[in-house]
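Undergrad: fold the following.
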Amino acid sequence: MAEPAAPEGFYALLTDGTAVAIREVGPGDLGAVHRFHRDMSPENLYLRFFGISPRIADEVAARLCREPDPDHAVLGAWLGGELVGVAEYDRTAEPGEAEIALAVADRMHNRGVGTLLLEHLVSLARSRGLVAFRAETLAQNVPMLRVFACAGLPVGRRTVNGVVEVTIPLTGSGAYLDAVAERERHADIESLRHLLCPASVAVVGASRRTGSVGGAILRNLLTGGFDGPAYAVNPRAGREPVGGVCFPSVSALPESPDLVVIAVPPEAVAEVAGECGRRGVRSLVVITSGVDGRALLGICHRYGMRLVGPNCFGIANTAVRLEATFAARPARAGGAGVVVQSGGLGIALRDHLSRLDIGVSTFVSTGDKYDVSSNDLLLWWESDPATRLGVLYLESFGNPRKFSRTARRLGRRMPLLTDVAGRSAAGHRAAASHTAAA
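TA: Down below sits the predicted model:
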């Protein structure tokens, strides 16, 4: 089944690590905005509009989805093709000032949607010359007042007859930038928790066939002592594949696994990834090479999943006995965090660290590196007490400034050994099977 296109926009992480798309709302979104307000609970509607009317959904959708206007802006947050939050501003008569309002779907409360929308609304308003926001909210709307208070910007408050009038200057503030950076760091780490510390894992493509990559990965999970359930998924494997019962699809699993490892032919990867997204899977490791990485990343973005690969060797975290690779030997537990793009080098490096009695804390083979990268792993190691040394073999930098900033900070706490390959003609040819191909 073909996957519908993900909403165009900027992808960002919520506090629980789920990725959502943030983009401006326009006339083409009338139906989505109408459904969003129609499905809000009476309590949520009252807190947002100070009252309840059967025509609220019609009236608000028409107002928010009008043609673009320099004095008006609306941003939406999208998850799985569904609108889960909106934020708007309208200029007031006061020069440089705008009135703002936010609303979040009931099921998405306390996940950082409002804060993320406010951050992007601030950025958009600044680019258009605004210097202050104003807002009015009911005193009992504690979650929204908390969003304003925790944004990192100076907030003025005045209560009149049960209504709190909020004033937010948009002038540059180091505290605000620090708050945004800290929220981003926390969200990034949370998004990796489902990947590196999953409660359950499924391997799609697990098989009894000799030499099967999927079968080798499932064997490593089971023999390595992974604490949670490890499921085999293969519609043609019969009822007794490696490790026990095999399920015909991800949809047939008894639960939605945190992590799915995909080792199927290239033409089947997109279909499996879409099924994982619809099932509620939080992260994917795609071993398969020859995959349309951009299309795969679009599917992951649409459903809020993190992606390692494609064209990778797998991942491991010895702290939770997770060995989701097809290595011949498991990684020895130790203090080295390892991230590589070359699977072959990753195998050799793991073995060498084991022989040196250093061992591995976490291991990630990023392959074509469409999503999870060395920057993510630096943040993870920074919060991981088991990691005392970082080893990185890289063939490219997605965000060199972020890498430099994070590596410099982490390097004050632990040694970081970084090898950047692909700079010579021979190295460039070797890297072509990973990043250069992407």
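
Undergrad: assumed residue 135 was part of a strand.
TA: Yes - inclusion of residue 135 in a strand is indicated when DSSP: H, G, I helix; E, B strand; the rest coil is applied.

Undergrad: right, and it touches residue 98 too?
TA: No - with the criterion set as C-beta atoms under 8 Å, residue 135 and residue 98 do not qualify as a contacting pair; they are 9.7 Å apart. Any C-beta I mention is one placed from the backbone N, CA and C, and that applies to glycine too.

Undergrad: next one: residue 91 from residue 151, what distance?
TA: With distances taken as C-beta to C-beta, to the nearest Å, residue 91 is found 20 Å from residue 151.

Undergrad: could you check which of the two is surrounded by more residues?
TA: With other C-beta atoms under 10 Å as the criterion, residue 91 and residue 151 differ in neighbour count, and residue 151 comes out ahead with 22 against 18.

Undergrad: my read: the more buried one touches residue 118, true?
TA: Yes - taking C-beta under 8 Å as the definition, residue 151 is a contact partner of residue 118 at 5.8 Å.

Undergrad: can you count the residues close to the closest residue to residue 58 other than its chain neighbours?
TA: For residue 58, ignoring the flanking residues on the chain, the nearest one in space by C-beta to C-beta, 6 or more residues apart in numbering is residue 34 at 6.9 Å. As a burial measure, the neighbour count of residue 34 was computed by other C-beta under 10 Å and equals 19.

Undergrad: and residue 60, what does it touch?
TA: Contacts for residue 60 were tallied using C-beta atoms under 8 Å, 6 or more residues apart in numbering; they are 33, 37, 49.

Undergrad: and the next element down the chain from the longest strand anywhere in the chain?
TA: Ranked by residue count, the top strand of the chain under DSSP state E comes out as strand 82-91. Going down the chain from strand 82-91, the next helix or strand is strand 97-104, by DSSP states H and E.

Undergrad: quick check: angle from the next helix or strand after that following strand to strand 82-91?
TA: Scanning forward in sequence from strand 97-104, with DSSP H and E defining helices and strands, the next element found is helix 113-127. Orientation of helix 113-127 against strand 82-91 (axes from the mean of the first three to the mean of the last three C-alpha atoms, to 10 degrees) gives an angle of 40 degrees.

Undergrad: mind checking the pLDDT average for helix 113-127?
TA: Along helix 113-127, the predicted confidence averages to a pLDDT of 95.

Undergrad: residues of the longest strand of the chain that come out buried?
TA: Applying a neighbour-count criterion of 16 or more other C-beta atoms under 10 Å, one finds 82-89, 91 buried in strand 82-91.

Undergrad: packing partners of it?
TA: helix 30-38, strand 72-79, strand 97-104, helix 113-127 (3 or more C-beta pairs under 8 Å, 6 or more residues apart in numbering; DSSP states H and E).

Undergrad: so for the second one, mean pLDDT?
TA: To tie it back to what came earlier, the one meant is strand 72-79. In this model, strand 72-79 has an average pLDDT of 95.

Undergrad: ok, now how distant is the nearest residue to residue 329 once chain neighbours are set aside from residue 330?
TA: Closest residue in space to residue 329, ignoring its immediate chain neighbours: residue 351 at 7.0 Å, by C-beta to C-beta, 6+ apart. Distance of residue 351 to residue 330, computed by C-beta to C-beta: 11 Å.

Undergrad: which one of these two has more residues nearby?
TA: Taking other C-beta under 10 Å, residue 351 and residue 330 do not tie; residue 330 has more neighbours (18 against 15).

Undergrad: surely the more buried one meets residue 220?
TA: Yes - in this structure, residue 330 sits in contact with residue 220. The criterion is C-beta under 8 Å, and the distance is 6.4 Å.

Undergrad: which neighbours do the two share?
TA: residue 323.

Undergrad: contacting residues around the residue nearest to residue 68 when sequence neighbours are not counted?
TA: Counting by C-beta to C-beta, 6+ apart, residue 26 is the residue found nearest to residue 68 once chain neighbours are left out, at 6.8 Å. Applying C-beta under 8 Å, 6+ apart, we find residue 26 in contact with 65, 67-68.

Undergrad: for ChimeraX, what selects the buried ones among these?
TA: One line in ChimeraX is enough to select the buried ones among the contacts of residue 26; burial here means 16+ other C-beta under 10 Å:
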select :65
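
Undergrad: would you mark the buried spots in stretch 137-150?
TA: 137, 141, 144-145, 147-148.

Undergrad: can you get me the start-to-end distance on that stretch?
TA: Terminal residues of stretch 137-150 lie 16 Å apart, using C-alpha to C-alpha, to the nearest Å.

Undergrad: one more: stretch 354-370?
TA: End-to-end for stretch 354-370, by C-alpha to C-alpha: 29 Å.

Undergrad: report the distance from it to the chain centre.
TA: If you compare the mean C-alpha spot of stretch 354-370 with that of the full chain, they lie 21 Å apart, counting by C-alpha atoms, centre = their mean, to the nearest Å.

Undergrad: repeat that for stretch 89-97.
TA: Its chain's average C-alpha position is 34 Å from that of stretch 89-97, according to C-alpha atoms, centre = their mean.

Undergrad: endpoints of it, how far apart?
TA: By C-alpha to C-alpha, one end of stretch 89-97 lies 9 Å from the other end.

Undergrad: mean confidence score for that stretch?
TA: The average of the pLDDT scores along stretch 89-97 is 96.

Undergrad: shift numbering so it begins at 878
TA: Sure thing, new numbering starts at 878, so read that last one as stretch 966-974.

Undergrad: what sits up against that stretch?
TA: Contact partners of stretch 966-974, identified using C-beta under 8 Å, 6+ apart, comprise 948-950, 975-977, 998, 1002, 1006-1011.

Undergrad: and those, which is closest to residue 889?
TA: Among those, residue 998 lies closest to residue 889 (C-beta to C-beta), at 12.8 Å.

Undergrad: without its sequence neighbours, what residue ends up closest to that closest one?
TA: Excluding the flanking residues, the one nearest residue 998 by C-beta to C-beta, 6+ apart is residue 964, at 4.8 Å.
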